[in-house]
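Q: Got a predicted structure here, sequence first:
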Amino acid sequence: MSTSKMMRERIWTKLHDVARPDTRFHLNFAEVIPDFEGSDMATRRVVDDDAYQASNFAFITPDNCLSDLRRQMIEAGKPFVMSTYGIYRGFVLMEPEMVPKGAAQYAAWLDGMEHFGKPITLAEIARRGRFDLLVTGASAVSVNGVRFGKGHGFFDLEWGMFTDLGLVDEDTPVIAVVHDVQLVEDQLQPSETDILVDQIATPGQMHTVARRAKRPSGVKWDLLEQKQIDETPPLQELQRIQGLA
């Protein structure tokens, strides 16, 4: 069993005690990154952070623990892009004027995002400009910033696409939002595709990663199966942009 898989399973056992069940996937952490007890405190730490305060165009993952952050961004007038589940329907742009007054809570949920938000292509994102903040959930994050997701590599792919188009780089702040039980004290070695985060917001603390290693760049096409490319419209779009298809 790989180190990342052993780490996920160790953390998932602890996560059962604090996770809030998903309406579709219940407590199947291989399919959903759940909300958790105290996520409002972790969200408050993100909102109070300088990177969030300075942000004008962010990317937020569709994890359940980030729904309150998405609500606060809508109410604060901060536009952002979110990926659809599995990236199967690409990306969704949310701008505050798209949401009627009083509907921000529903709009922040996954169904609400797709109801009120607008599909947006990679080319359209690039025309708007670079992301100045990324926020993601995780299955586990180590104190040296190595992030493990559900095991499908979606966030790694998103980062790869964004770096290929110059939408993010080494200086773009990346914040992970997790419960304290998901913060791993070990110093882990990242794989060639693992995305390292700069800060880790939990109910109990805002951990800043010291001496973060360099992040990977670009989509690793040789690691992808054709089936995944066929099922992921943004990957097909990127291939067209790069002259690969």
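A: Perfect, thanks for sending it.
Q: Could you grab the helix/strand/coil label for Val81?
A: strand (DSSP: H, G, I helix; E, B strand; the rest coil).
Q: mind checking pLDDT for it?
A: On pLDDT, Val81 comes in at 98.
Q: Tell me, how many residues neighbour it?
A: Taking other Cβ atoms under 10 Å as the neighbour definition, Val81 ends up with a count of 23. In this view, the C-beta of every residue, glycine as well, is placed from N, C-alpha and C.
Q: repeat for Lys118
A: Residue neighbour count, defined by other Cβ under 10 Å, stands at 12 for Lys118.
Q: got it, and Ala176?
A: A total of 32 residues lie near Ala176 under the criterion other Cβ under 10 Å.
Q: did I read that right, it in a strand?
A: Yes: under three-state DSSP, Ala176 falls within a strand.
Q: who's in contact with it?
A: By Cβ atoms under 8 Å, 6 or more residues apart in numbering, Ala176 lies in contact with 135-138, 141, 147, 197, 199-201.
Q: Give the buried residues for the helix or strand that Arg44 is a member of.
A: Of the helices and strands defined by DSSP states H and E, Arg44 is found in helix 39-48. Residues 39, 42-46 are the ones in helix 39-48 that count as buried (16 or more other Cβ atoms under 10 Å).
Q: And for stretch 197-210?
A: So stretch 197-210, judged by 16+ other Cβ under 10 Å, has buried residues 197-203, 207, 209.
Q: CA atoms only for it, dumped as PDB, please.
A: In PDB, the C-alpha atoms belonging to stretch 197-210 read as follows (Å, rounded to 0.1, in the frame of the first residue of the first chain):
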ATOM      1  CA  VAL A 197       0.000  24.500   0.200                       C
ATOM      2  CA  ASP A 198       1.300  27.700   1.900                       C
ATOM      3  CA  GLN A 199      -1.200  27.700   4.900                       C
ATOM      4  CA  ILE A 200      -3.500  25.300   6.600                       C
ATOM      5  CA  ALA A 201      -6.600  26.600   8.300                       C
ATOM      6  CA  THR A 202      -8.200  24.400  10.900                       C
ATOM      7  CA  PRO A 203     -10.700  25.200  13.700                       C
ATOM      8  CA  GLY A 204      -7.700  25.300  16.100                       C
ATOM      9  CA  GLN A 205      -5.000  27.200  14.200                       C
ATOM     10  CA  MET A 206      -3.700  28.800  11.100                       C
ATOM     11  CA  HIS A 207      -0.600  26.900  10.300                       C
ATOM     12  CA  THR A 208       2.000  28.600   8.000                       C
ATOM     13  CA  VAL A 209       4.200  26.200   6.100                       C
ATOM     14  CA  ALA A 210       7.900  27.000   6.600                       C
END
